[in-house]
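What shape does this take:
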Amino acid sequence: MTEIKASMAGSVWKLVAAEGDKVNDGDDVAILESMKMEIPIPSEASGTVKEIKVSEGDFVNEGDVIAIIE
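Residues are numbered from 1 along each chain as shown. Below you'll find the model as predicted:
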């Protein structure tokens, strides 16, 4: 099980993956918006998205869990 965490503080602009989706290492899971920049959050492992912990529009801090990959 791998936790995908926010690399910086910002708003969840878009969720690219959904629960049940298969992702590969390096695939984007979400896109954060911070300081008018879009920051992709990639998966750090291949597997299936078990849980999405945030919703679009949520504010996250650096290190907050965005998704769990199994």
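
can we go C-alpha only for contacts and neighbour counts from here?
Will do.

could you say which helix or strand contains Glu33?
When elements are defined using DSSP states H and E, Glu33 is found to belong to strand 28-34.

Next, the buried residues of that strand.
Neighbour-count burial for strand 28-34 flags 28-33 (criterion: 16 or more other Cα atoms under 10 Å).

What pairs with that strand, parallel or antiparallel?
Using DSSP bridges, strand 28-34 pairs in its sheet with strand 10-15 (antiparallel), strand 37-42 (antiparallel).

could you give the mean pLDDT of it?
In this model, strand 28-34 has a mean pLDDT of 95.

neighbouring contacts of that strand?
9-17, 38-43, 66-67 (Cα atoms under 8 Å, 6 or more residues apart in numbering).

coming back round to it: turn the strands paired with strand 28-34 into JSON lines, including mean neighbour count, mean pLDDT and distance to Glu51.
Output for the strands paired with strand 28-34, formatted as JSON lines (neighbours: other Cα atoms under 10 Å; pLDDT from 0 to 100; distance: least, Cα to Cα, whole Å):
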{"stretch": "strand 10-15", "mean neighbour count": "20", "mean pLDDT": "96", "distance to Glu51": "12"}
{"stretch": "strand 37-42", "mean neighbour count": "17", "mean pLDDT": "95", "distance to Glu51": "15"}
